[in-house]
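K.L.:
output the structure for:
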Amino acid sequence: MDFNDILDLLQKRANRPPSLKEIQETLELSAGARKAVGKSLKAMVKDGSLVQLKGGRFALPGKVNLVVGTLSAHRDGYGFVAPVDEKAQDVFVPARHVRPAMHGDMVVVRLERSLRTGRPEGRVIRVERRAHQTLVGRYQVNHGVGYVAPTDPHLPDDILIPPGAAGEAKPGQMVLVDIVHYPEPSRGAVGRISEVLGDATDPEVEIKIAAIQFHLPYEFSAEALIAAGEVPAEVYDEDLADREDLRHLNFVTIDGETAKDFDDAVAIARLKEGYRLWVAIADVAHYVAANSVIDKEALTRGTSVYFPGACLPMLPEALSNGICSLNPQ
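P.N.:
Predicted coordinates for the structure are as follows:
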């Protein structure tokens, strides 16, 4: 089976897009190839190369006046769709035609002409892939109706919180809300509060909000914390095997005095001829075994992320600030 054969068929059948069965029969595929082409068509719809129309028919987006791409919404409600086809121009979508989509969704838009200006514009007709399952926002109650106002300015619409779905949240608190029902053309999204983050002015809450918005893990798994708790908190005699103990030297770190973890340090001695410099590097690998629970979690984080006065560490603090840090002694 050649993909070009499928694309050629869809080009020729632009006026009457074929179904999966028609594609299979036209290309005279074997039983194995029939299954393969079905999976391929689904994958192409998922990545935006094709669109699936009513009746299970498949078409090239441009041949049926449709565009597939990612919606970038503005705080005033309107948006632009960046097509999957990078050669195509972005499509303006007026606010009245954005729903049922939200910022970041992969959508299918139909190209139309504005009745007022005559300029081309798009109307969202379907959402192919949702960008958000959870959102961060401030919980509010107005005339007995609860809602969450998202902190992301690209998400201007409030999330309705039905009675009984607010949990322990109090008005004014920052919360994490799970989307239960996505928006539709005639109504907004509905959610359920899954976590109360706290007061909006609390610096720790601000860090949590930033971590959630930028998909930064701010909590370690229970397994990683248990494994970190099993690592010794001090250097034992057996740790000195095949090592030279230099703790008698006056090492100094080059980190600021507010730093919590010390990755490297230096010591220097004057000799008869010149100087000798020692550079000490924290030997994390001695305490974090390859492919261990801690190692795998560190891999997903990739690095520590620093905020003013705080840090989201790559390793649990028992390691990053403790035994894997060049602390005194």
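K.L.:
from now on I want contacts and neighbour counts done on CA atoms only, so please keep to that.
P.N.:
Will do.
K.L.:
near Ala241, how many other residues are there?
P.N.:
9 (other Cα atoms under 10 Å).
K.L.:
what about the strands in the stretch 151-300 of the chain?
P.N.:
Taking DSSP state E, counting those that start in this stretch as the test, the strands found in the stretch 151-300 of the chain are 159-161, 174-181, 190-198, 252-253, 264-270, 275-281.
K.L.:
of these, which is nearest Ile23?
P.N.:
strand 174-181 (35.1 Å; Cα to Cα).
K.L.:
now do the closest one: distance to the chain's middle.
P.N.:
16 Å (Cα atoms, centre = their mean, to the nearest Å).
K.L.:
same question for stretch 216-231.
P.N.:
21 Å.
K.L.:
ok, residues contacting it?
P.N.:
208, 210-212, 287, 293-294, 297, 301, 312, 316, 318-319 (Cα atoms under 8 Å, 6 or more residues apart in numbering).
K.L.:
indicate which one of the strands of the stretch 151-300 of the chain is closest to Ala82.
P.N.:
Comparing the strands of the stretch 151-300 of the chain under Cα to Cα, the one sitting nearest is strand 174-181, at 24.4 Å.
K.L.:
just the CA trace of that closest one, in PDB.
P.N.:
Coordinates of each C-alpha in strand 174-181 appear next as PDB, following Å, rounded to 0.1, in the frame of the first residue of the first chain:
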ATOM      1  CA  MET A 174      -7.200  29.700  44.000                       C
ATOM      2  CA  VAL A 175      -8.300  26.300  42.900                       C
ATOM      3  CA  LEU A 176      -7.600  23.500  40.500                       C
ATOM      4  CA  VAL A 177     -10.700  22.600  38.500                       C
ATOM      5  CA  ASP A 178     -11.400  19.500  36.400                       C
ATOM      6  CA  ILE A 179     -13.500  20.100  33.300                       C
ATOM      7  CA  VAL A 180     -16.500  17.900  33.400                       C
ATOM      8  CA  HIS A 181     -18.300  19.200  30.300                       C
END
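K.L.:
which strand residues bridge the residue lying closest to Gly55 once chain neighbours are set aside?
P.N.:
Distances taken as Cα to Cα, 6 or more residues apart in numbering put Ser19 closest to Gly55, at 7.6 Å, once the chain neighbours are dropped. According to DSSP bridges, the residues that bridge with Ser19 are Arg57.
K.L.:
list the contacts for Ser19?
P.N.:
Contacts for Ser19 (Cα under 8 Å, 6+ apart) come out as Gly55, Gly56, Arg57, Phe58.
K.L.:
distance check, the nearest residue to the last one once chain neighbours are set aside against Glu128.
P.N.:
In other words, Phe58. Counting by Cα to Cα, 6+ apart, Gln52 is the residue found nearest to Phe58 once chain neighbours are left out, at 4.6 Å. Distance, Gln52 to Glu128, using Cα to Cα, to the nearest Å: 10 Å.
K.L.:
ok, Thr253 next?
P.N.:
52 Å.
K.L.:
those two: which is more packed in?
P.N.:
Glu128 (19 against 16).
K.L.:
hey, where'd the helices end up in the stretch 1-150 of the chain?
P.N.:
Along the stretch 1-150 of the chain, counting by DSSP state H, counting those that start in this stretch, helices occupy 3-12, 20-26, 31-46.
K.L.:
work out the gap between the helix or strand of the chain with the lowest mean pLDDT and the centre of the chain.
P.N.:
Ranking every helix and strand in the chain by mean pLDDT, DSSP states H and E puts helix 3-12 at the bottom, with a mean of 71. Taking the mean of its C-alpha atoms, helix 3-12 sits 35 Å from the chain's own mean (Cα atoms, centre = their mean).
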